[in-house]
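Q: coordinates for the following, if possible.
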Amino acid sequence: MGGGGGLSLQSLNLSPSTTKQRERPTLSLSARRIAFTTPANYATRLTRLLQLRGATPLPVPTISVGPSSSTLSSLRSFLLLSSSQQRQKGALALDSFSALAFTSRTGISSFSLALSQTPLPCPPLSFSGEPFTVAALGTDAEALHQGNPSLLNLLCPGNPSRVRVLVPEIATPAGLVMSLGNGFGRKVLCPVPAVLGLNEPDVVPQFLADLELSGWVAVRVPAYETKWVGPQCADVLVGLVGKLDAIVFTSTAEVEGLLKGLDAVGWNWEKVKQLWPCMLVAAHGPVTAKGVESFGLTVDVVGERFSSFDGVLDALSTRFQD
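A: Predicted coordinates for the structure are as follows:
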């Protein structure tokens, strides 16, 4: 696969020293109460980072993300040989693809779950063939190496070197497309969310469209579900007594979920701003910022480094120090 725009092809392995450095407390958000609408399965990481900086975390999850029996079945359909593939001597389930592109950590974990729980007569990839690329964004790529065996080892256990990991320097779907380069008509499998009870943000459709424009045949598969958690999701915010210094959004769907939750209790965003007029609205990167603003909210802080949650927290710290 060819890179472009200064992007790099690399396998991301974090050493213990790197992890310790990341967790070194800076207390840059000391005494700040920070709300965030991140799904529960991501909230632990963000809570930890906030605590290390001296902040008081306030989780307000408005959406849930995770696999379902339906999405796991969809993933398995790409891991099991079809009758036509069985008729092709030596062809395995993913041999018609040249790449696997993940836009989220949940997509990776869901794919890994389907792969580990599906009784396969043979691995998904043949021992020999063109290099197979697995692409992931920022620190999400850590999940590719986790598990025993890991997703990477399960794909082609007979020849792990056939699988290459691509981590774009710009941790956005658009950056991933650029790093993949021209597809020249090759197929890329894209495990993405099925959005239920919410409007699907433009991110995934635009990602698939960009891949097609770059010469790829993008095959979408629902790998997990993104769902509104229900009308009670804003209760923590509505019942809050005291100050609120900031609220962090890490995806567009979270904003819609929060607004639906506020509406369910007779509130709206204007009410929130009246209660906490100095509260900052922070977005985890420009893609999320654009989505937040599409709902009429003003974004005060945008993380410039969005390969991890540290970027938006750094931006918040800087803003508070100004």
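
Q: for the record, mean pLDDT for the host helix or strand of residue 224?
A: Applying DSSP states H and E as the criterion places residue 224 in strand 217-228. Regarding strand 217-228, the rounded mean pLDDT is 97.

Q: before we move on, what about stretch 280-287?
A: For stretch 280-287, the mean per-residue pLDDT is 94.

Q: show me what counts as buried in it.
A: By neighbour count on 16 or more other CB atoms under 10 Å, the buried set for stretch 280-287 is 280, 281, 282, 283, 284, 285, 287. In this view, the C-beta of every residue, glycine as well, is placed from N, C-alpha and C.

Q: the residues you listed in helices, which ones?
A: residue 287 (DSSP state H).

Q: and the contacts of stretch 269-284?
A: 237, 243-251, 259, 262, 289, 291-292, 296-303, 306, 309, 311-312, 315-316, 319-320 (CB atoms under 8 Å, 6 or more residues apart in numbering).

Q: just the buried positions in the helix or strand just after the strand holding residue 224, please.
A: Toward the C-terminus, strand 217-228 is succeeded by helix 235-238 as the next helix or strand (DSSP H and E). By neighbour count with 16+ other CB under 10 Å, helix 235-238 contains the buried residues 237, 238.

Q: which other residues reach helix 235-238?
A: By CB under 8 Å, 6+ apart, helix 235-238 touches 35, 58, 59, 60, 244, 258, 261, 262, 265, 267, 272.

Q: tell me the one of the residues you listed nearest residue 207?
A: Nearest to residue 207 out of these is residue 258 (CB to CB; 23.7 Å).

Q: that closest one: neighbour count?
A: 26 (other CB atoms under 10 Å).

Q: among the contacts of helix 235-238, which are located in helices?
A: Among the contacts of helix 235-238, the members that lie in helices (by DSSP H) are 258, 261, 262, 272.

Q: which of these ranks first by neighbour count?
A: Counting by other CB under 10 Å, top hit in the ones in helices among the contacts of helix 235-238: residue 258 with 26 neighbours.

Q: wait, what's in contact with that one?
A: 37, 60, 62, 233, 234, 237.

Q: let's have the residues you listed in a markdown table, adding distance to residue 148.
A: Shown next, in a markdown table, are those (distance: CB to CB, whole Å):
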| residue | distance to residue 148 |
| --- | --- |
| 37 | 33 |
| 60 | 35 |
| 62 | 34 |
| 233 | 35 |
| 234 | 40 |
| 237 | 40 |
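
Q: which of those sits closest to residue 134?
A: residue 37 (29.2 Å).

Q: so the closest one makes contact with residue 257?
A: Yes: Residue 37 lies in contact with residue 257 (CB atoms under 8 Å); the separation is 6.9 Å.

Q: so which of the two has more stuff around it?
A: Remark: of residue 37 and residue 257, residue 257 carries more neighbours, 27 against 24, as counted by other CB under 10 Å.

Q: relative to residue 203, how far out is the closest residue to the more buried one other than its chain neighbours?
A: Spatial nearest neighbour of residue 257, excluding adjacent residues (CB to CB, 6 or more residues apart in numbering): residue 62 at 3.1 Å. Per CB to CB, to the nearest Å, residue 62 is found 17 Å from residue 203.

Q: in terms of neighbours, single out the busier of those two.
A: With neighbours defined as other CB under 10 Å, residue 62 and residue 203 compare such that residue 62 has more, 27 against 22.

Q: what sits closest to the residue most central in space within the chain if chain neighbours are left out?
A: Centroid check for the chain by CA atoms, centre = their mean gives residue 104 as the closest residue, at 2.5 Å. Leaving out its chain neighbours, the residue that sits closest to residue 104 by CB to CB, 6+ apart is residue 140, at 6.5 Å.

Q: and the one you found, helix, strand or coil?
A: helix (DSSP: H, G, I helix; E, B strand; the rest coil).

Q: contacts only, for it.
A: Taking CB under 8 Å, 6+ apart as the criterion, residue 140 is in contact with 102, 104, 105, 108.

Q: what do residue 37 and residue 257 both touch?
A: Joint contacts of residue 37 and residue 257 (CB under 8 Å, 6+ apart) are 62, 63.

Q: from the contacts of stretch 269-284, which land in strands?
A: Under the assignment DSSP state E, the contacts of stretch 269-284 contribute 246, 247, 248, 249, 301, 302 to strands.

Q: now the two most distant members of those.
A: 247 and 302 (13.6 Å).

Q: more neighbours, those two?
A: With neighbours defined as other CB under 10 Å, residue 247 and residue 302 compare such that residue 247 has more, 24 against 20.

Q: is that one in a bridge, and if so with what?
A: Beta-bridge partners recorded for residue 247 (DSSP bridges): residue 35, residue 281.
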